[in-house]
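Visitor: got a predicted structure here, sequence first:
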Amino acid sequence: MLLELQGVTKAYPIREETQWSLRKRPSFHAVEHINVTIQEGEIVGLVGESGCGKSTLAKLIMNIEDLSSGSIYVNGQSINQKKMKDIHLYKQIQLVLQDSSSSLYPNMSIREILEEPLRNYFPNDKSVWEMTIHGLLERVLLDHSFLLKYPYQLSGGQKQRICIAKALAVQPKMIVFDESLASLDPFTQQEMMVMLKQIQKEQNLSYLFITHDLKSVQSLCDRVIVMYKGKIVETITNWYPQSFTHPYTRLLFETLI
Ligand SMILES: Nc1ncnc2c1ncn2[C@@H]1O[C@H](COP(=O)(O)OP(=O)(O)OP(=O)(O)O)[C@@H](O)[C@H]1O
């Protein structure tokens with residue numbers, strides 16, 4: 001099992017402003033008792049209405065946010081122990097966000113951007129960095145002239161390809177895509193989907209694909225998790241509307257079927 005979430009819960013404190021004080025109230029559960037497993041080579045979609053907790057779950061998996069309760073295991077190892085500093089564990093899962101601009105340093109060339117993860121994770125393999133960088137560009141279907149460019153000289157789709165190449169540079173086992181294609185036009189989205197599927201096949205990667213684009217999850221994913229108000233309400237493995245058990249899932253996919 002590559003990734004396992006057991007009873008994952010994230011509660012944020014609710015602060016209520018009164019006339020006299022700022023009282024700390026119990027909490028709001030952004031995600032609650034989430035149990036999910038993802039196998040090596042599996043593509044799992046995660047859908048649900050805005051605010052249902054999808055990005056919070058991604059941040060918990062990436063250890064960007066602390067869990068309130070529950071456990072997350074990567075290859076059987078808990079990622080939530082405070083003393084955990086194993087970079088080889090962390091590098092197994094990479095995150096690609098919607099806003100590529102925030103992930104790419106504007107004053108670094110594409111070569112420097114792709115070299116950075118290699119410097120951090122493979123400091124002893126300097127002799128093969130050049131070859132690796134060229135391979136990464138090829139994998140995201142960009143030519144080598146891009147190495148000299150800066151992020152501001154790239155289109156949204158090209159920037160997203162660089163973010164994917166950067167994620168691939170550390171040789172992860174899994175990539176979490178949080179609305180990664182949402183800001184691209186439909187044609188570029190389609191191109192990127194084909195590319196992602198190809199990369200996934202070649203490297204037997206696992207993807208967690210968070211999106212509002214129901215068509216894309218249907219074509220890309222082996223399994224789709226539906227979240228509603230912080231909880232998983234359904235896991236879809238076949239697309240027969242009769243098999244959907246939760247009213248929210250039926251509503252969500254009504255337009256598709
Ligand atoms: N740092 C935070 N402090 C307090 N509440 C938060 C925080 N981050 C997220 N939330 C709340 O948690 C809930 C889930 O947010 P989250 O961003 O995970 O939703 P989402 O499903 O990814 O939404 P969207 O599809 O719009 O991106 C929301 O109600 C949000 O306001």
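Guide: That came through fine. Numbering: from 1, shown residues only.

Visitor: which helices and strands does the one helix or strand residue 128 maps to pack with?
Guide: Per DSSP states H and E, residue 128 falls inside helix 126-139. Secondary-structure packing of helix 126-139 (3 or more Cβ pairs under 8 Å, 6 or more residues apart in numbering; DSSP states H and E): helix 110-121, helix 156-169. C-beta here means a position set from N, CA and C on the backbone, and glycine is covered the same way.

Visitor: now the ones you listed in a markdown table, with mean neighbour count, distance to residue 144 and mean pLDDT?
Guide: Shown next, in a markdown table, are those (neighbours: other Cβ atoms under 10 Å; distance: least, Cβ to Cβ, whole Å; pLDDT from 0 to 100):
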| stretch | mean neighbour count | distance to residue 144 | mean pLDDT |
| --- | --- | --- | --- |
| helix 110-121 | 18 | 10 | 95 |
| helix 156-169 | 22 | 12 | 95 |
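
Visitor: using a markdown table, lay out those together with distance to the ligand.
Guide: Below are the helices and strands packed on helix 126-139 laid out as a markdown table (distance: least, Cβ to the nearest ligand atom, whole Å):
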| stretch | distance to the ligand |
| --- | --- |
| helix 110-121 | 25 |
| helix 156-169 | 17 |
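
Visitor: what does the stretch 51-200 of the chain have sitting close to the ligand?
Guide: With Cβ under 6 Å from any ligand atom as the criterion, the stretch 51-200 of the chain meets the ligand at residues 51, 52, 53, 54, 55, 56.

Visitor: where's the first one, which helix or strand?
Guide: It stands for residue 51. Residue 51 belongs to no helix or strand, assigned by DSSP H and E.

Visitor: quick one on the thing from earlier: buried subset of the residues of the stretch 51-200 of the chain next to the ligand as a PyMOL selection?
Guide: If you want just the buried ones from those in PyMOL, going by 16 or more other Cβ atoms under 10 Å, the selection is:
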select buried, resi 52+53+54+55+56
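
Visitor: ok, the residues of the stretch 51-200 of the chain next to the ligand vs residue 146, which is closest?
Guide: Residue 146 has its nearest neighbour among those in residue 55, at 28.9 Å by Cβ to Cβ.

Visitor: skipping adjacent residues, who's closest to that closest one in space?
Guide: residue 178 (5.7 Å; Cβ to Cβ, 6 or more residues apart in numbering).

Visitor: next: residue 37.
Guide: residue 4 (4.9 Å).

Visitor: how about that neighbour, what does it touch?
Guide: 36, 37, 38, 71, 72, 73, 76 (Cβ atoms under 8 Å, 6 or more residues apart in numbering).

Visitor: so what strands line up beside the helix or strand hosting it?
Guide: Residue 4 belongs to strand 3-17 when elements are defined using DSSP H and E. Each strand paired with strand 3-17, and its direction, by DSSP bridges: strand 22-38 (antiparallel), strand 69-74 (antiparallel).

Visitor: out of those, which is the most enclosed?
Guide: Across the strands paired with strand 3-17, averaging neighbours per residue (mean count of other Cβ atoms under 10 Å) puts strand 69-74 on top, at a mean of 17.

Visitor: centre of the chain to the helix or strand following that strand, how far?
Guide: Per DSSP H and E, the first helix or strand lying C-terminal to strand 69-74 is strand 77-78. Taking Cα atoms, centre = their mean, to the nearest Å, one finds the center of strand 77-78 at 19 Å from the center of the full chain.

Visitor: thinking again about what came up before, list the buried ones in the strand holding residue 4?
Guide: Quick answer for strand 3-17 (16+ other Cβ under 10 Å): 3, 4, 5, 8, 9, 10, 11.

Visitor: measure how buried residue 227 is and give me the count.
Guide: 22 (other Cβ atoms under 10 Å).

Visitor: what are the phi and psi values for it?
Guide: Backbone geometry at residue 227, expressed as degrees, to the nearest 10, gives phi -110, psi 150.

Visitor: noted, bye for now.
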